[in-house]
Structure formats: structure tokens, C-alpha cells
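>>> pasting the sequence and the predicted model now:
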Amino acid sequence: MTESARGLLSVEELEHAMRRGEIDNLMIAIVDMQGRLMGKRLTADYCLRSGLRKGTHFCTYLLGTDMEMNTPPGYALMNWESGYGDWLAMPDWSTLRIVPWQEKTALVLADAVDEQTGQLIPIAPRSVLKQQLEKAAKLGFRPFMASELEFYLFRQTYEEIHRGGYEELQPAGHYNEDYNLLQGTRNEHILRKIRNLMLAAGIPVESSKGEAYVGQHEINIHYADALQSADWHVLFKHGAKEICILEDCAVTFMAKPHHQWTGSSGHLHLSLWDADGRSNLFFDDQSQPYGMSALMQHFLAGVMAHVREFSLFYASTVNAYKRYAPDSWAPVHAVWSRDNRTAGFRIVGEGSSLRIESRIPGADINPYLAYAAMIGSGLLGVEERLPLPGEWRGNAYLAEGVPRVPYSLYEAMNLWRESEAVRRVFGETVAEHYYNMARVEQQAFNTVVTAWERARYFEQG
């Protein structure tokens, strides 16, 4: 592969690489509701004969399934009555890149589009985020965001873990990994490959480190425009899984893989800049506290005021709510504090790097939805000029009289459905679609008898 064909590509460079035989397939991928990449592999021969710019069709059901690809009822835009037709995956060519861990492969992310009208499908995750970015742009704001992702690494393949019923999990380590370079060395052959291959794919990983439990790690990705950052986020998760598959190991981004383990977080960093991306509008050296501008204070107040109602976009699964526990490194209270890891919202950075870190999401988030929730609720706070509550000082796990994250998906569903702000920010179509997603998830969980129940009730019940 020539240097010109590494990392990000133009369409012209892709075409030349295909003609030279350096790339022989193109993956076109949309992002589904669960944050997974779904799509097709197109041969170079087909791309060159048919033209690279037309996109490809996909069944509408891909944006109306559960985690196991079932077709549950309740989705207005896709169902058996409508016949599950096609939408168009229209490539966003700015995302075109080499996939360096696969042979002669390129990938481009696509938007879900109605082929007849050319309009974005409103419930597609990338569309949901784009809608909020359009609102921000009209106000002269440019959100910059970044993701921190925690995950567990296993010295087992996904197939071995599946055959074992997900019971005999073997994390790749034997003591707490947190910042420990010696323990981290045991898995450096995998982590180094992930870091370097991501950089080769144009995904700017900054660092990796051991996290707070056996086999747990964290990757930091550089900040960027919110859409690009969300793209990097999903590409990183997908790529890390693929690299592990090729190395006969496994990685999970579950929020809480085991009740005795530290949960895996997906911290989000956000600041609002001017339209040219030259000035961080969150910083005002004349403002207090900490140089937080009035804009930043209103924005943060909006995020905090609506975090409970918008929880379905921060924690979309039954498992996600098991991460929220006192003294666990995951927050339980919607309070803010300067450089305090017990608070739900941590203010970090100085001057032009001043930003909000939301510690609410887990690593299992769909970044487009979580980013959209944070931006949309923050803009509500700006519009309504909401006052920022006082800073929490001390151990936020002990806070009283302040909002708490929902205890369960069921509670989050009710908050979402009753929320005027949800419909105001996302619209009725998106609100109902993702309520149904949560309903399906909760219903699936409710019907399963777990090993915990058998151990507890089999003899003594």
C-alpha cells in the first residue's frame, strides 16, 4: 500500500487504489440504534463499474431491531405491514479511510436517506446528532467533543466466551490495572496494535492506560467537531473488536460486565466554540467561577436539569443502570464540581481548554445519541438562561436533596415518555421510536430467568 492510500482517502485516491489492486473491497456502513456498524462489502470491480458515489440500499429494519436482530412491533417507520422496504446508505466521503487491520479494505460511513426525497431518516442516530448540530450552528456555536472509553480485555475468543455461557470470563490480568505500567505490559502487544492501527486509520488515539479493575483499560481519543468525534468513537469500538477477533482474544464495552467488577465508563468532554472554531466560548477570564462564561453556566445548567429525562440516550440498556453505584467511580448524582471524580459533571481544563466532562454515560453508549442529548439539553439551558446550581464540594456520593440518575431502565423510560423537553429537543417521531427501543429491551429482560434467580430461589423459594 502506498503512503497516499493510508489513513484518510479521497474518492479519487480510492478509485486509483482499486484500479491498482491495492484495495479490493469497500465497506459502506450505517450506525444502528445500538451503535453498531451495519452495511455491505462492495467489490472493487462493482464500484468501478457502477460508480463510487451512488451509495447502497439497506433494509429499513436495521433501524428497528433489538440487540439480537429481532423485528419487534411498535416501530412506526418499519414493520411487517409496510413490508420492510429499503432506505439508502449515502456515503459521507469525508469519513473514507483505509482499514489497516484488514487486507486491501476501505470503509466509509453513510447517512440513512430516503431515496425518493433525499431527506435524512430522522430516527437514524447520525441524523439525530446532525439535527442538534444544525440548531447549534444557527446560534453561532460549534460543539467540540471527545470520548474516553473504558473496556475489559479477555484472553478468550468471543466464541469461547459464548460457548461457556458468559460465565467463565478470564480478564487479561490478575490484579488492578489502574495506571500500572507493569500490569499493562502483559497486554501491550494487543493495546499497541490497537493504538497504532487506529492512528493508521486516521483515528487520533492519544493514550491508553490500565483502569480500575483486573483486565480493564481506557483509551482517550482526541477532541474534534462533534460529528467527527462520534464517528471516531464508533470506528474505534468496531475496530478494537475486529483487531481482538484477529488476535484470538475479546474486548467488551459493557457498562457492567460483572457485579463485582468496576463498571466501564464512556466519559464525554464538550465545549462550545465560535463558528470558525477559533475561540472557546465557554471561557471568560472575567467570569466566576473558574473562568466559566455565562454561556457555559447556562449550558451546564441545561444538561444537569434534563439529565434524568434524557437518560435513555446516556444509558439505553438494562445493564447500563447497574453501573451507577456509590464509591464505584461511576456517578449517581447530577451535581457539578471542579476536578472531582465523584460528581456527575466535572469541570476540567484551563483557558481555551475549559470544558465539561460528563461522567454519566457508560462505555456502551451510542455516541451519536449521547452527544445529541448533551448538546440538545445544553442548548435548552442557554435558550432559557437557566441558572447554574452551586458547586458541590466534597464527596458527591453523599449528596442529598439533588437529582439522582435513574435507578433502572424502567424509571428512565417513564421519565422520557413524560418529558416535554424530550419532544421539544428531538421531536415526536424520534421520541416515540427510542421509547419503543427501551420498551423492547425492558420486555426482553423481564421474560428471562437468570442464574442469580435459580441460585437464590431454587431450593429455598
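Here it is on my side, so go on. Numbers count the residues shown, from 1 in each chain.
>>> am I right that residue 57 is in a strand?
Yes: assessed with DSSP: H, G, I helix; E, B strand; the rest coil, residue 57 lies in a strand.
>>> show me what contacts it?
Contact analysis of residue 57 by Cβ atoms under 8 Å, 6 or more residues apart in numbering lists 86-89, 115. For glycine as for every other residue, the C-beta is placed from the backbone atoms N, C-alpha and C.
>>> filter those residues to the buried ones?
87-89 (16 or more other Cβ atoms under 10 Å).
>>> my read: residue 140 touches residue 273, true?
No: in this structure, residue 140 is not within contact of residue 273 by Cβ atoms under 8 Å, at 9.8 Å.
>>> compare those two (neighbour count), which wins?
Counted by other Cβ atoms under 10 Å, residue 140 and residue 273 do not tie: residue 273 has more neighbours, with 18 against 12.
>>> for the residue lying closest to that one once chain neighbours are set aside, grab phi and psi.
The shortest distance from residue 273 to any non-neighbouring residue, by Cβ to Cβ, 6 or more residues apart in numbering, is to residue 142 (4.6 Å). Phi and psi for residue 142, reported as degrees, to the nearest 10, are phi -130, psi 100.
>>> longest helix of this structure?
Counting residues, the longest helix found in the chain (DSSP state H) is helix 226-246.
>>> quick one: it to chain centroid distance?
How far helix 226-246 lies from its chain's middle: 10 Å, per Cα atoms, centre = their mean, to the nearest Å.
>>> can you check stretch 312-327 too?
Using Cα atoms, centre = their mean, the offset of stretch 312-327 from its chain centre is 14 Å.
>>> that one: end-to-end distance?
One end of stretch 312-327 to the other measures 23 Å (Cα to Cα, to the nearest Å).
>>> now do the buried residues in the lowest-mean-pLDDT helix or strand in the chain.
Lowest on mean pLDDT, DSSP states H and E among the helices and strands of the chain sits helix 181-185, with a mean of 86. Neighbour-count burial for helix 181-185 flags 183-184 (criterion: 16+ other Cβ under 10 Å).
>>> packing partners for that helix?
If you count contacts as 3 or more Cβ pairs under 8 Å, 6 or more residues apart in numbering; DSSP states H and E, helix 181-185 packs onto strand 205-210.
>>> for the strand it packs on, packing partners?
Against strand 205-210 (3+ Cβ pairs under 8 Å, 6+ apart) you get helix 181-185, helix 188-200, strand 216-221.
>>> can I get it in CSV, CA atoms only?
Extracted C-alpha coordinates of strand 205-210, given in CSV (Å, rounded to 0.1, in the frame of the first residue of the first chain):
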residue,chain,number,x,y,z
VAL,A,205,-5.9,8.0,19.8
GLU,A,206,-3.9,9.9,22.4
SER,A,207,-3.2,7.3,25.0
SER,A,208,-4.1,4.1,26.7
LYS,A,209,-3.8,3.1,30.4
GLY,A,210,-4.8,0.5,32.8
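>>> adjacent strands (with direction) for it?
strand 216-221 (antiparallel) (DSSP bridges).
>>> what angle separates the strand it pairs with from helix 226-246?
Orientation check (axes from the mean of the first three to the mean of the last three Cα atoms, to 10 degrees): strand 216-221 against helix 226-246 gives 140 degrees.
>>> from here on, count from 471
Fine by me, first position is 471 from now on; the one you just mentioned is strand 686-691.
>>> quick one: average confidence on strand 686-691?
In this model, strand 686-691 has a mean pLDDT of 96.
>>> check the offset of that strand from the chain's centre.
Between the centre of strand 686-691 and the centre of its chain there are 14 Å (Cα atoms, centre = their mean).
>>> the least confident helix or strand of the chain: how far from the chain's middle?
Distance, stretch centre to chain centre, for helix 651-655: 27 Å (Cα atoms, centre = their mean).
>>> fine, thanks again, bye for now.
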